[in-house]
Structure formats: structure tokens, C-alpha cells
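> Compute the structure for the input listed below.
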Amino acid sequence: MGRGFTCISKNGKCTLIYQRFPCRKRESTVLNLREEIKKRINTLSQLRLDLLPGPFQQVHGHPRRVAVLKFNGSITYARHLIGWQQPQTIDKSQIRHNDILFLVPVSGAKSRLLAGTIRKIVTMPETIHDTVILGTGCAGLTAAIYAARANLKPLVIEGHEPGGQLSITTLVENFPGWPEGIQGPELIDNMRKQGSRFGAEFKMGHLSSADLSKRPIVLQVGKETIHARTLIIASGASARWLGLPSEQALIGHGVSSCATCDGFFFSGKEIAVVGGGDSAMEEALFLTRFATKVTLLHRREHFRASKIMLDRAIAHSKIAFRTNTTIEEVLGVEEKEVKGVRLKDTITGAESTLDISGLFLGIGHEPNAKMFDGQIDLDEDGYIKTHDYVFTRVPGVFACGDVQDRRYRQAITAAGSGCMAALEVEKYLEEHGR
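Next up, the predicted model:
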């Protein structure tokens with residue numbers, strides 16, 4: 001039907017009358033256009049709604065809740081949601097701008113969406129971090145600085161040893177930019193402040209489990225579940241200690257696990273190294289550059305060190321050996337300075353005292369990567385295997401610092417690898433549309 005005005009002439013005057021009149025051609029055109037629009041909408045609507053988490057995430061942010069429906073209706077299109085009443089079984093308080101509905105058609109059903117019921121509700125993560133950094137040593141903090149400056153807003157998990165090895169180190173003299181040296185804890189604090197300035201978020205906690213196979217990556221920190229698009233593992237390697245109370249009390253006051261870091265402070269003094277492997281031999285040989293005498297203490301008769309390393313140590317005039325010997329106590333706690341060690345012969349049980357000014361532990365390090373065993377490649381000693389510097393075999397997961405560096409283990413090399421990891425995260429996210 002059409003509509004219009006008709007002029008009816010009477011006594012020379014024209015009266016306009018509004019009328020409806022047939023207009024079959026126009027009506028046919030409208031109907032054809034309507035069917036064409038309906039057809040096009042239906043075609044677009046065929047895109048499965050269960051593929052929408054990614055697209056919705058780009059447009060609406062991170063969905064908090066997903067309602068998975070089952071309903072009667074052989075075919076259901078996205079347009080059916082427009083202008084239709086929500087099924088009575090859906091709590092209206094659950095419908096928000098960043099909620100999405102997953103529609104699951106039941107084949108062979110007859111009626112329509114209004115008969116739908118919620119099959120299940122899946123809670124989605126409220127926040128997905130672009131990157132999470134594990135560890136706050138030199139590697140983790142450098143990664144945090146670079147990631148924050150790239151506006152990635154990294155979440156940094158402190159770990160069980162906040163600050164890493166530097167947090168228990170006194171004067172650091174080999175970190176560039178500090179001609180007079182800097183205290184280890186102060187250096188860590190400065191790096192942390194620098195990361196915070198650019199937007200890095202720090203969180204106390206210890207990673208208890210991780211699932212690197214999921215996207216986003218799922219991390220369990222205490223009772224909290226954290227989701228991330230990328231992960232930088234900078235959890236470091238913990239030095240192995242003897243476990244003596246006196247030893248722990250004097251860490252940083254003559255007791256050390258790093259000859260390269262602290263050897264210089266013992267120039268012209270007598271010191272001791274504990275251990276029987278290659279690490280102990282390397283430490284002892286390095287320390288001969290400074291100390292007047294290095295006594296190597298080992299609890300067994302035979303050494304685990306390679307023949308070439310052992311032969312070098314035996315041949316050095318400054319190195320003396322005492323085998324079948326354990327340390328019972330480190331002397332000097334009250335003075336807050338190592339004065340010597342009380343030793344015990346493991347065969348005879350006889351005790352003796354050795355006067356020294358420094359004690360170095362050369363019994364190795366324990367990389368903090370056990371929680372990733374079976375998900376990424378680890379070597380025989382538990383260090384993370386990386387290729388191209390910081391890449392693991394899992395896309396989006398990178399490792400840096402002492403957790404993957406068994407050779408150098410220096411603050412400056414850790415910082416360098418942390419920089420690499422952050423730059424690779426930035427590239428990875430760009431390549432994946434972030």
C-alpha cells in the first residue's frame with residue numbers, strides 16, 4: 001500500500017485528502033530488500049559465538065563471565081539476541097557490558113531461544129596481564145624497567161628471595177656506574193624504584209604452580225590465580241649453604257657464595273673454600289689472585305671435580321687441601337666478622353680450629369625452576385635451557401638471569417639478559433596483535 005494526498009475539486013476549490021492506495025511494485029521491492037538484508041545478517045550471524053573470547057577481548061576488554069546456554073532451536077543467529085527478552089533462568093545482575101553469552105544449539109530441537117536455560121557459567125579472568133615477571137634480582141628488575149617503559153604494565157612477583165643474591169651482598173664494586181661501589185640492597189632498591197616510576201607493579205608472593213600450556217598462561221601465587229599473555233622467568237638460582245646458624249649470621253660479613261663478587265675484599269688474607277666439585281676448584285683458583293692462602297675443605301676423601309680442574313688446584317702453591325673435614329661452626333658471630341671455623345674430622349671425630357678471614361661456599365647453586373619441570377626444557381642440574389639467548393621452547397615464555405645462566409652468574413650479565421627478555425616480550429605481543 002502507498003500513501004499520499006489527492007485533490008478533490010468542488011465548487012472550484014481543491015480539498016486535499018490523505019489516502020492509502022495500492023503500490024504493489026514498491027511493496028515487492030521493500031520485501032525483496034528486507035529478505036536480502038535478513039539473508040546478509042544471517043550469513044554474518046553464522047560465525048560461531050564460541051569463537052568470540054578473542055574478538056570480545058579486543059573490543060570490550062576482558063570478559064568476566066561466560067554463560068553457556070543450551071536451548072531449543074535448530075538454528076539461532078546472533079540477531080536473535082536483539083530485542084528479545086532474556087530467558088527467565090538468567091539472573092539479570094549477571095548481564096553486564098563485558099559479559100558475553102555462548103550459544104550452544106541442540107540439534108533437532110524445535111522451539112526458540114526464549115526456552116533457553118543456562119548450562120553452566122564460566123568465570124573469566126578479570127585481568128590478563130600483558131607480562132608477568134618472576135623474580136626481583138637484577139634480571140627481573142631490569143626486565144621490569146624495560147617492560148614498564150614500553151607501557152606493558154608488568155606485574156612483578158617478588159618470589160621467596162626478594163632482591164636475589166644482591167640483597168645479601170654488601171659492597172658491589174663491579175657494577176658499572178658506581179665508581180665508589182654501592183651496597184647490594186641499595187642497588188636493588190634503586191632498580192625497583194626505577195621500575196615503579198615507569199608503572200611496574202610489584203607483588204609479594206611465591207609461585208606455587210604454573211600452567212604454561214594454557215592461553216592466557218595460568219600462574220598460582222598463594223591463593224591467587226594470575227593470568228598472563230607472556231611470562232619472564234627471572235627466579236634466579238639460590239646458593240647452596242651449609243645451613244649452620246653461625247654461617248647464616250655472617251653472610252655478607254665474611255661468608256660468601258661468590259668469589260668473583262667478593263674476592264677482592266680479602267686481599268692479603270687467608271680464606272677457606274668449601275666443596276669438592278669444579279665450582280669449588282674454580283672459586284679456589286680465582287681467590288688465589290687476592291688471598292695469601294686458600295684452604296679447600298671437603299667432607300670426603302675423593303673429589304667430584306674433573307681431573308683437569310683438580311690437577312690445577314693441586315699444582316697451585318697457594319692452595320692447601322683438608323679432606324674428610326666438615327665445618328661445625330663459623331667463628332666471629334659476636335664480632336660480626338669471620339674469625340675462623342671450627343672443624344671436625346669425619347673419620348676420627350677430632351675437632352680443630354682454622355683461623356681465616358673469609359669463607360666461600362663452592363658447593364653450587366640451586367636454580368629456582370622446579371615448578372616448570374616437564375613444561376620447559378631443563379638441563380641435568382635444573383637450569384632452564386634457552387635458545388637465542390632468552391627463548392624457551394614455549395612461545396611467549398622467556399627466561400633470563402641466573403635461572404638459565406650457569407656460567408657467568410654476574411649482576412651485569414643478569415641485567416643484560418633481563419633487558420633482552422623484555423624486548424622479546426614486546427616484539428611477541430606486537431606480533432600477536434597487542
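> if I've got this straight, Ala139 is in a strand?
No: counting by DSSP: H, G, I helix; E, B strand; the rest coil, Ala139 falls outside a strand, being helix.
> so it touches Gly236, yeah?
Yes: in this structure Ala139 lies within contact range of Gly236 using Cβ atoms under 8 Å: 7.3 Å. C-betas here are computed from N, CA, C, even on glycine.
> Okay, domains of this structure per the record?
Domain assignment for the chain by automatic domain parsing gives 2-45, 49-123, 128-239+367-431, 245-363.
> most tightly surrounded among those?
Counting by mean count of other Cβ atoms under 10 Å, domain 128-239+367-431 has the highest mean neighbour count of those, with a mean of 20.
> how long is it end to end?
17 Å (Cα to Cα, to the nearest Å).
> tell me, what's touching Ala139 and Gly236 both at once?
164, 401-403, 414 (Cβ atoms under 8 Å, 6 or more residues apart in numbering).
> and which of the residues you listed is nearest Lys153?
Gly401 (21.2 Å; Cβ to Cβ).
> Hmm, the closest one is touching Cys419, no?
No: Gly401 is beyond contact range of Cys419, at 10.9 Å (criterion: Cβ under 8 Å).
> give the contact list for the residue nearest to Leu141 when sequence neighbours are not counted.
The spatial neighbour of Leu141 that comes closest, neighbours along the chain excluded (Cβ to Cβ, 6 or more residues apart in numbering), is Met191 at 4.0 Å. When the contact criterion is Cβ under 8 Å, 6+ apart, the partners of Met191 are 138, 141-142, 145.
> try 10 Å
Met191 makes contacts with 136-138, 140-142, 144-145, 163, 166, 411, 415, 418, as judged by Cβ atoms under 10 Å, 6 or more residues apart in numbering.
> what's the answer for Ser317, then?
288, 293.
> where does it land in three-state SS?
coil.
> Then Val294?
Val294 ends up strand, using three-state DSSP.
> Surely it is in contact with Glu270?
Yes: counting by Cβ atoms under 10 Å, Glu270 is a contact partner of Val294 at 7.8 Å.
> Next, show the common contact partners of the two.
318, 320, 356, 358.
> so which of the residues you listed comes closest to Phe372?
Closest to Phe372, out of all of these and judged by Cβ to Cβ, is Gly358, at 35.0 Å.
> give the contact list for the closest one.
By Cβ under 10 Å, 6+ apart, the neighbours of Gly358 are 250, 253-256, 259, 262-263, 265-266, 269-273, 287, 290-291, 294, 337-338.
> For the stretch 151-300 of the chain, just list every one of the strands.
For the stretch 151-300 of the chain, applying DSSP state E, counting those that start in this stretch gives strands covering 155-157, 171-172, 182-183, 201-203, 207-211, 217-221, 224-233, 237-239, 255-256, 270-274, 293-297.
> Asp355 bridge partners, please.
Gly340 (DSSP bridges).
> before we move on, what about Leu134?
Residues in beta-bridge contact with Leu134 (DSSP bridges): Ile157, Ile233.
> next one: Ile217
According to DSSP bridges, beta-bridge pairing links Ile217 with Ala228.
> ok, now how distant is Gly137 from Ser167?
8 Å (Cβ to Cβ, to the nearest Å).
> any weak-confidence spans in the stretch 1-150 of the chain?
1-34, 36-126 (pLDDT under 70).
> so Ala418 makes contact with Gly401?
To be clear, residue 418 is Gly; Ala isn't right here. Yes: if you go by Cβ under 10 Å, Gly418 and Gly401 touch, sitting 6.2 Å apart.
> residues shared between the contacts of these two?
In contact with both Gly418 and Gly401: 135, 137-143, 232, 234, 390, using Cβ under 10 Å, 6+ apart.
> quick one: which of the residues you listed is nearest Arg434?
For those, the nearest to Arg434 is Ile232 (15.2 Å; Cβ to Cβ).
> Kindly state the pLDDT recorded for that closest one?
pLDDT for Ile232: 98.
> Pull the contacting residues for it.
With Cβ under 10 Å, 6+ apart, Ile232 has these contacts: 131-135, 139-140, 143-144, 147, 154, 156, 390, 396-401, 417-418, 421-422, 424-425.
> try Thr323
With Cβ under 10 Å, 6+ apart, Thr323 has these contacts: 276, 296-303, 345-347.
> separation between it and Ala369?
32 Å.
> now Leu134
With Cβ to Cβ as the criterion, Leu134 and Ala369 are 10 Å apart.
> try Leu359
28 Å.
> now Ala237
From Ala237 to Ala369 the distance is 8 Å (Cβ to Cβ).
> intersection of neighbour lists for these two?
With Cβ under 10 Å, 6+ apart as the test, Ala237 and Ala369 both reach 382-383, 403-404.
> Surely Ala350 touches Lys344?
Yes: using Cβ under 10 Å, Ala350 is in contact with Lys344, at 7.3 Å.
> Tell me which residues touch Arg299, please.
If you count contacts by Cβ under 10 Å, 6+ apart, then Arg299 has 274-276, 323-327, 344, 346, 363 around it.
> Which of these scores worst on pLDDT?
Ile363 (89).
> follow-up on the earlier one: using TSV, lay out the contacts of Arg299 together with secondary structure.
Shown next, in TSV, are the contacts of Arg299 (three-state DSSP):
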residue	secondary structure
Val274	strand
Gly275	coil
Gly276	coil
Thr323	coil
Asn324	coil
Thr325	strand
Thr326	strand
Ile327	strand
Lys344	strand
Thr346	coil
Ile363	coil
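> from those residues, which is closest to Gly205?
Using Cβ to Cβ, these come closest to Gly205 at Ile363, 28.7 Å.
> how close does that closest one sit to Ile182?
28 Å.
> what's the answer for Leu287, then?
Taken as Cβ to Cβ, the span from Leu287 to Ile182 is 23 Å.
> Then Ala369?
29 Å.
> now Gly349
45 Å.
> isn't there a strand covering Thr413?
No: assignment of Thr413 by three-state DSSP gives helix, placing it outside any strand.
> any idea how far the residue lying closest to Gln248 once chain neighbours are set aside is from Gly382?
Nearest non-adjacent residue to Gln248, counting by Cβ to Cβ, 6+ apart: Trp241, 7.0 Å away. Relative to Gly382, Trp241 is positioned 17 Å away (Cβ to Cβ).
> How about Val330?
27 Å.
> Ok, Val394 next?
17 Å.
> what's the answer for Thr413, then?
19 Å.
> Which residues are in contact with Glu158?
134-136, 140, 192, 202-206, 221.
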